[in-house]
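[1] I'll drop the sequence and a predicted model, then ask my questions.
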Amino acid sequence: MKRFGFLFSLVIPALMPFSLITAVYLAEAQLIGWANTALWLPLIVLYVVLPFVDYALGRDRRNTPVGGPPIVYTALPVLCALIQFALLWYVLVFAVSTGWISTAGWFGLVLSFGIVSGINAINVAHELIHKKSRLQSWLGGLLLTTVAYAGFKIEHVRGHHVWVSTPKDPSSADNGQTLYHFLPRSIWNNSQNAWRLEAKRLSIFKLPAWHWRNEMLWWYLITAALAVLVTWQFGIIGLAVWAGQALMAITSLEIINYVEHYGLRRRQLESGRFERPSPQDSWNSDFWLSNQMLLHLQRHSDHHANPRIAYQNLKSHADAPQLPAGYATMFLLALVPPLWFKVMNHRLPSQT
């Protein structure tokens, strides 16, 4: 089961067609109120149902057996990426061809798709951009253009993994910092860092930042082209839905960044350098179901200690700081700072 459990990751993108098909069925039955409620189903499943099921199934600290189906492991993120492109088209067609959606229904549609994109676009891209294969890495970048956050491809690998759990990393929240203080700074500074990293790379070749070899320019030209295409095909409504889901996806990513590194700090050596990233620099969570659905993202401790290791081979670290629940639950806790601090601050390692 451990070998094939990662197929649960396909449940997340499946929530969108399930939600929309259910909504259409209810609308045809003249149950318009329920049809609009159905547009919230992905959020209900991920943030109401999943935390209870996740807790009931409990933790699993076993590692994936050696000799599992490598073709499944390799193909699964690529399949999720292809599904995301299809989902974007499917949701936009639904949005512009449906006349019964209420204001609450629009919020449900955009927020639901944004959360699904945050997982199926950004989390899957996160796995792909760490690959040595240029094709897989660029597929990850293309996937990030669907949520207008392609700078993540650059900043995450060359910035976040270098400065994680230090004051230089915008994605590592301080002890006592609220989510609402963290979010705008994280989004802004990560985007700025991505540009600076590309400018620095180009300067090695004595090239200006505004050069065609700047990866940021290419990715955001693709993003702009996608926005034009969406507007041409689906009008202002389509553009608003696309932009809204992108904003929600970006926000959900940064909330998870907040959860993953809150309050943890690497020790600074006498030389001024920071000690090498270790499993103690990220929060770990071994709840089985959410871990399988997120391609082992919750084994974040091992990911930062060994960033080149494929998701299926990430190991559990019992000595790493442990979250009391899976990411779905922690996401909700982070939205309420007093509750977050009450649950998390006493869990921080004493040296921080």
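    Ah, there it is.
[2] Show me the shaky parts of this structure.
    Within the chain, the stretches with pLDDT under 70 are 1-3, 65-69, 351-352.
[3] let's see 80
    Across the chain, the ranges flagged by pLDDT under 80 are 1-4, 64-72, 350-352.
[4] Packing partners of the longest helix anywhere in the chain?
    Ordering each helix of the chain by length in residues (DSSP state H) puts helix 215-261 first. On a contact count with 3 or more Cβ pairs under 8 Å, 6 or more residues apart in numbering; DSSP states H and E, helix 215-261 meets helix 70-97, helix 103-117, helix 134-145, helix 151-155, helix 179-204, helix 327-334. C-beta here means a position set from N, CA and C on the backbone, and glycine is covered the same way.
[5] by how many degrees do the longest one and helix 134-145 diverge?
    Comparing the axes of helix 70-97 and helix 134-145 via axes from the mean of the first three to the mean of the last three Cα atoms, to 10 degrees yields an angle of 30 degrees.
[6] got the angle between helix 70-97 and helix 215-261?
    Going by the same axes, to 10 degrees, helix 70-97 makes 100 degrees with helix 215-261.
[7] Return the residues in contact with residue 226.
    Residues in contact with residue 226 (Cβ atoms under 8 Å, 6 or more residues apart in numbering) are 145-146, 242.
[8] which helices and strands does the helix or strand just after the longest helix of the chain pack with?
    Following helix 215-261 in sequence order, the next helix or strand is helix 288-293 (DSSP states H and E). If contacts are counted by 3+ Cβ pairs under 8 Å, 6+ apart, helix 288-293 sits against helix 50-57.
[9] in the helix it packs on, what's buried?
    50-51, 54-55 (16 or more other Cβ atoms under 10 Å).
[10] Which one of the helices and strands packed on helix 215-261 lies nearest to residue 123?
    With respect to residue 123, and counting by Cβ to Cβ, the nearest of the helices and strands packed on helix 215-261 is helix 70-97 at 8.7 Å.
[11] tilt between that closest one and helix 103-117?
    160 degrees.
[12] Run the chain-centre distance for helix 70-97.
    Distance of helix 70-97 from the chain centroid (Cα atoms, centre = their mean, to the nearest Å) equals 15 Å.
[13] Quick one: list the elements packing against that helix.
    Checking 3+ Cβ pairs under 8 Å, 6+ apart, helix 70-97 ends up next to helix 11-28, helix 103-117, helix 124-129, helix 134-145, helix 215-261.
[14] Could you pull out the buried residues of that helix?
    Result for helix 70-97 [16+ other Cβ under 10 Å]: buried residues 73, 76-81, 83-84, 87-88, 91-92, 94-95.
[15] now that helix and helix 11-28, what's the angle there?
    Angle, helix 70-97 to helix 11-28, by the same axes, to 10 degrees: 30 degrees.
[16] Just give the number of residues close to the nearest residue to residue 334 once chain neighbours are set aside.
    In this structure, residue 334 finds its nearest non-sequential neighbour in residue 179, 4.8 Å apart by Cβ to Cβ, 6 or more residues apart in numbering. Around residue 179 there are 20 other residues, counting by other Cβ atoms under 10 Å.
[17] what sits against residue 179?
    Each residue near residue 179 by Cβ under 8 Å, 6+ apart is listed here: 173, 255, 258, 334-335, 337, 340.
[18] Likewise for residue 18?
    residue 41.
[19] Quick check: it vs residue 97, distance?
    From residue 18 over to residue 97 the distance is 18 Å, taken as Cβ to Cβ, to the nearest Å.
[20] Could you do residue 298 as well?
    For residue 298 relative to residue 97 (Cβ to Cβ), the value is 38 Å.
[21] Residue 153 too?
    The value you get for residue 153 to residue 97, if Cβ to Cβ is used, is 33 Å.
[22] re earlier: nearest to residue 43, of the contacts of residue 226?
    residue 242 (18.4 Å).
[23] Pipe the helices and strands packed on helix 215-261 into JSON lines and attach distance to residue 312 per row.
    Below are the helices and strands packed on helix 215-261 laid out as JSON lines (distance: least, Cβ to Cβ, whole Å):
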{"stretch": "helix 70-97", "distance to residue 312": "5"}
{"stretch": "helix 103-117", "distance to residue 312": "22"}
{"stretch": "helix 134-145", "distance to residue 312": "15"}
{"stretch": "helix 151-155", "distance to residue 312": "22"}
{"stretch": "helix 179-204", "distance to residue 312": "27"}
{"stretch": "helix 327-334", "distance to residue 312": "18"}
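[24] do you know which of these lies nearest residue 168?
    helix 179-204 (9.2 Å).
[25] Could you tell me the angle between that closest one and helix 215-261?
    140 degrees.
[26] Residue 323 against residue 290, yeah?
    No. Residue 323 is not in contact with residue 290 according to Cβ atoms under 8 Å; the separation is 10.4 Å.
[27] For these two, list the residues in contact with both.
    Joint contacts of residue 323 and residue 290 (Cβ under 8 Å, 6+ apart) are residue 298.
[28] Which residues are in contact with residue 212?
    residue 218.
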